[in-house]
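Novice: Sequence first, predicted model second:
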Number of protein chains: 2
Amino acid sequence: VSQLSLGEPSESGPSEAVTLKLVVAYDGTDFRGFAAQPDQRTVAGEIAPVLERVLGHDVQLSCAGRTDSGVHAWGQVVSCAVGASTDPAVLQRAINAHLAPEVVVRSAELVDGEFDARRSAQWRTYRYTILRCDVPDPFRARYVWWVPEALDLPRMRMASDPFLGAHDFSSFCRKRPGASTTTRRVLASEWRDEGDGVLVYEIRATAFCWQMVRSIVGTLADVGIGKIRPGDILAILRARDRTAAGRLAPPNGLCLWDVGYELGTVNR
Amino acid sequence: VSQLSLGEPSESGPSEAVTLKLVVAYDGTDFRGFAAQPDQRTVAGEIAPVLERVLGHDVQLSCAGRTDSGVHAWGQVVSCAVGASTDPAVLQRAINAHLAPEVVVRSAELVDGEFDARRSAQWRTYRYTILRCDVPDPFRARYVWWVPEALDLPRMRMASDPFLGAHDFSSFCRKRPGASTTTRRVLASEWRDEGDGVLVYEIRATAFCWQMVRSIVGTLADVGIGKIRPGDILAILRARDRTAAGRLAPPNGLCLWDVGYELGTVNR
């Protein structure tokens, strides 16, 4: 995965190559998403140059979840190939010194060279936060979707059950050019009432397709205000038609919360 | 207080003049403080034009606390003279429609014409939040002072007691041109440990002088890291010399929390 610069001295041959695994949190408000894009401010576009300066060679970052513009992360996992003598604590400090508090490396470790943040992931958990109150709260506004209407939480809970299991999520996904299947397996789908109008939807799946969580949450909010019935969800899933679903929830309420890997196989 | 535009029809003579009282919350990060200043983005500079458009006359805003650049408010109180037939709910909706979620009017009511948000206030409460942890949290960064060093909270609590009562706060204030006395009466001064490294300092006083809370918190943090002893606070107060105090804490941890008025006299 690593592209070593020509003429750059390297102590690590392919047999010695290991992987740097970072757990990264970021406020996505002022980024055009995670993945590097030309002429755009992205999270990968800020992390990679810092790593490259310290390591002395180019890096190719892999990430567990390609978060969109304005979407946050608490437990994004990022990986890249590095030499076996790399000190992960030095890289963590370097990134935090340059990018904190907007982007923060919460932990850094060396893992098996086979590890890849995207390919090795077994599941991803996203959290989506709604603030249901009459006037918005300026201190939460960046991290919640403010909904002034009354929401029927029991009905939203009913409507979140049919997403469990393996489904073709065509009705809840924006097509990405070149993407193949839109079938995904959902492992958890539930609402938590945290009080004071804060409603958190947590969804865990083996993988997600583009805008899937925001489409599901927007549709569940439409259930909450009575525009869609809980019993309609299965029909919307079966329609495999994006226009059958409800609203697209705004990005600022969404956070990539946690990513799961098989235990015991990746840590050195 | 109101400057009625010439030629503007007004149903309210001076005898009918009442006061509009707003309770306002704002994220101060991207504002140059509350008070209007030419060519600067300020909270008053955003609120006043919305009020003037709806009311059809100029307004002169009074506020309970002139928060500085980057300082937040949950319970800022703002007042201005309006006609007796004004509907406060209409003004609240108009401001929130234009300025929320960065600036939010939490409540709006008509009160006695004698009421003035600044002059009528009996006390102000500020909260200052410190986040004591090894790596900063991107979702709290705008609203806390991140302190990576260990802090000795029992000593910080000891050091916060001498501020209670009436003192000349010259050692903890930046001189404002033309300001007279720097004697203030502190009614409450205490630390709360909210867990997960969150330490909240709450101070209530009849009034505050410029940068007083940030000077006190910076000095208490210096006590927390062992640079200043709790027993030194009284001597620093008595020195009446700004260079005797500790650091100036950054503005982003500070929030104007609440303002007190005599009950029963202001509400119509």
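Specialist: Right, received. Where do you want to start? Numbers count the residues shown, from 1 in each chain, chains lettered A, B, ... in the order given.

Novice: Please make it C-alpha for all contacts and neighbour counts, starting now.
Specialist: Will do.

Novice: does stretch A:107-123 come close to chain B?
Specialist: No: applying CA under 8 Å from any CA of the partner chain, one finds stretch A:107-123 separated from chain B by no less than 9.5 Å.

Novice: CA atoms only: put that stretch into PDB for me.
Specialist: Output for stretch A:107-123, consisting of C-alpha atoms alone and laid out as PDB, is shown next (Å, rounded to 0.1, in the frame of the first residue of the first chain):
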ATOM      1  CA  SER A 107      -4.600   6.100  19.600                       C
ATOM      2  CA  ALA A 108      -1.800   4.900  17.400                       C
ATOM      3  CA  GLU A 109      -0.200   1.400  17.200                       C
ATOM      4  CA  LEU A 110       1.700  -0.900  14.900                       C
ATOM      5  CA  VAL A 111      -0.200  -3.900  13.700                       C
ATOM      6  CA  ASP A 112       0.300  -6.800  11.200                       C
ATOM      7  CA  GLY A 113       1.300  -5.800   7.700                       C
ATOM      8  CA  GLU A 114      -1.800  -7.500   6.400                       C
ATOM      9  CA  PHE A 115      -4.100  -5.200   8.300                       C
ATOM     10  CA  ASP A 116      -6.100  -2.600   6.200                       C
ATOM     11  CA  ALA A 117      -8.500  -0.200   7.900                       C
ATOM     12  CA  ARG A 118     -11.100  -0.700   5.200                       C
ATOM     13  CA  ARG A 119     -10.700  -4.300   4.000                       C
ATOM     14  CA  SER A 120     -10.100  -5.800   7.500                       C
ATOM     15  CA  ALA A 121     -13.100  -4.100   9.100                       C
ATOM     16  CA  GLN A 122     -15.900  -6.500  10.200                       C
ATOM     17  CA  TRP A 123     -18.500  -3.800  11.100                       C
END
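
Novice: what's next to the helix or strand containing A:Pro154, contact-wise?
Specialist: Taking DSSP states H and E as the definition, one finds A:Pro154 inside helix A:153-160. Under the contact criterion CA atoms under 8 Å, 6 or more residues apart in numbering or on different chains, helix A:153-160 has outside partners A:Ser189, A:Glu190, A:Trp191, A:Leu220, A:Ala221, A:Val223, A:Gly224, A:Arg229, A:Pro230, A:Gly231, A:Ile233.

Novice: What about the closest residue to A:Pro230 other than its chain neighbours, how many residues nearby?
Specialist: Counting by CA to CA, 6 or more residues apart in numbering or on different chains, the nearest residue to A:Pro230 once its immediate chain neighbours are dropped is A:Ala159, at 4.3 Å. Using other CA atoms under 10 Å in any protein chain shown, the number of residues around A:Ala159 comes to 25.

Novice: which phi and psi does A:Phe208 have?
Specialist: Backbone torsions of A:Phe208, given as degrees, to the nearest 10, read phi -130, psi 150.

Novice: before we move on, back to that, now the buried members of the contacts of helix A:153-160.
Specialist: Among the contacts of helix A:153-160, those scoring as buried are A:Ser189, A:Glu190, A:Trp191, A:Leu220, A:Ala221, A:Val223, A:Gly224, A:Arg229, A:Pro230, A:Ile233 (criterion: 16 or more other CA atoms under 10 Å in any protein chain shown).

Novice: Please state the offset of the helix holding A:Pro154 from the chain centre?
Specialist: Average the C-alpha atoms of helix A:153-160, do the same for its chain, and the two points are 24 Å apart (CA atoms, centre = their mean, to the nearest Å).

Novice: Kindly report the same for stretch A:110-117.
Specialist: Relative to its chain's centre, stretch A:110-117 lies at 19 Å (CA atoms, centre = their mean).

Novice: Stretch A:169-183 now?
Specialist: 17 Å.

Novice: So for it, mean pLDDT?
Specialist: On average, the pLDDT along stretch A:169-183 is 88.

Novice: May I have that stretch exported as PDB, CA atoms only?
Specialist: Provided in PDB are the C-alpha atoms of stretch A:169-183 (Å, rounded to 0.1, in the frame of the first residue of the first chain):
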ATOM      1  CA  PHE A 169     -30.500  -0.900   0.300                       C
ATOM      2  CA  SER A 170     -31.100   0.700  -3.200                       C
ATOM      3  CA  SER A 171     -34.000   2.700  -1.700                       C
ATOM      4  CA  PHE A 172     -31.700   4.200   0.900                       C
ATOM      5  CA  CYS A 173     -28.500   4.800  -1.100                       C
ATOM      6  CA  ARG A 174     -27.200   7.300  -3.600                       C
ATOM      7  CA  LYS A 175     -25.500   5.400  -6.400                       C
ATOM      8  CA  ARG A 176     -21.800   5.800  -6.500                       C
ATOM      9  CA  PRO A 177     -20.400   5.600 -10.000                       C
ATOM     10  CA  GLY A 178     -18.800   2.100 -10.500                       C
ATOM     11  CA  ALA A 179     -20.200   0.700  -7.200                       C
ATOM     12  CA  SER A 180     -21.500  -2.800  -7.600                       C
ATOM     13  CA  THR A 181     -23.900  -4.200  -5.000                       C
ATOM     14  CA  THR A 182     -26.000  -2.200  -2.600                       C
ATOM     15  CA  THR A 183     -26.800  -5.300  -0.400                       C
END
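
Novice: Regarding A:Ser189, what is its secondary structure?
Specialist: strand (DSSP: H, G, I helix; E, B strand; the rest coil).

Novice: so what's it scoring on pLDDT?
Specialist: A:Ser189 is assigned a pLDDT of 98 by the prediction.

Novice: That one pairs with what?
Specialist: Bridge pairing for A:Ser189 (DSSP bridges) gives the partners A:Ile203.

Novice: A:Val43 is in contact with A:Val105, correct?
Specialist: No: under the contact definition of CA atoms under 8 Å, A:Val105 does not touch A:Val43, with a separation of 11.6 Å.

Novice: Which of those two has more residues huddled nearby?
Specialist: Comparing A:Val105 with A:Val43 by neighbour count (other CA under 10 Å), the higher total belongs to A:Val105, at 29 against 24.
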